[in-house]
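J.: I would like to see how this sequence folds:
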Amino acid sequence: MKNIRRIAPRIIRLTLPVLASVCAASAMAQQLDARFSCSAERNQDGEPVVYADSGTFRLNGNRIDAFKWESALFNPPRSADCSIDEDDGLQAEARENAWRITLQDAHAARIKRGYKFGSRINCSIRLERDGDALHVKPTCPALCGSRANFSELSVDLKTGACRYAD
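T.: The predicted model follows:
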């Protein structure tokens, strides 16, 4: 019992700083929980175009808990869409107030979607938080059919309101 009384204060003094640093590191992990659904009508080359996007992004540091994004462009008489979700082999890289989402194998994900044509196999989506705004900046033609890319937009995380980039 004497030994425990002598050793216990040392163990506590050595353990507390380690526990504090572990707790601080986990508290500092970048987290994101965003859901959005938005659309906008624009005039593009004299033709009416409708953008429609919906998504769910739940990230905890480099871990992806949920990621799904549907991005459509309706331009009568045709439409084109892009989509991405966890089944596409996503990986996340957390940065300060931002994430970079990429595909482990963009070519395989593109083929799995049935897009056998084209050589556009890159995919990167930057998510940048600025206060209550989340800026979604895609460069991901790999998961788009006849469309060049997903829509670039900003989402107000409090209201869910969206604003498309010009």
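
J.: count the residues that sit near the nearest residue to residue 48 once chain neighbours are set aside.
T.: Using CB to CB, 6 or more residues apart in numbering and skipping residues adjacent in sequence, the residue nearest residue 48 is residue 41, 6.3 Å away. C-beta coordinates here come from the backbone N, C-alpha and C atoms, glycine included. When neighbours are defined as other CB atoms under 10 Å, residue 41 has 10 of them.

J.: which intervals of the protein have sub-threshold pLDDT?
T.: Applying pLDDT under 70 to the chain flags the ranges 1-29, 117-119.

J.: the same query, at a cut-off of 50, please.
T.: Counting by pLDDT under 50, the chain shows low-confidence ranges at 4, 8, 11-27.

J.: please enumerate the helices of it.
T.: With helices called from DSSP state H, the chain shows them at 2-28, 106-112.

J.: my guess is residue 143 contacts residue 110. True?
T.: Yes: contact criterion CB atoms under 8 Å: residue 143 and residue 110 qualify, at 6.6 Å.

J.: for the two, indicate the residue with more neighbours.
T.: A direct count of neighbours by other CB under 10 Å for residue 143 and residue 110 places residue 143 higher, at 28 against 24.

J.: many thanks, we can stop here.
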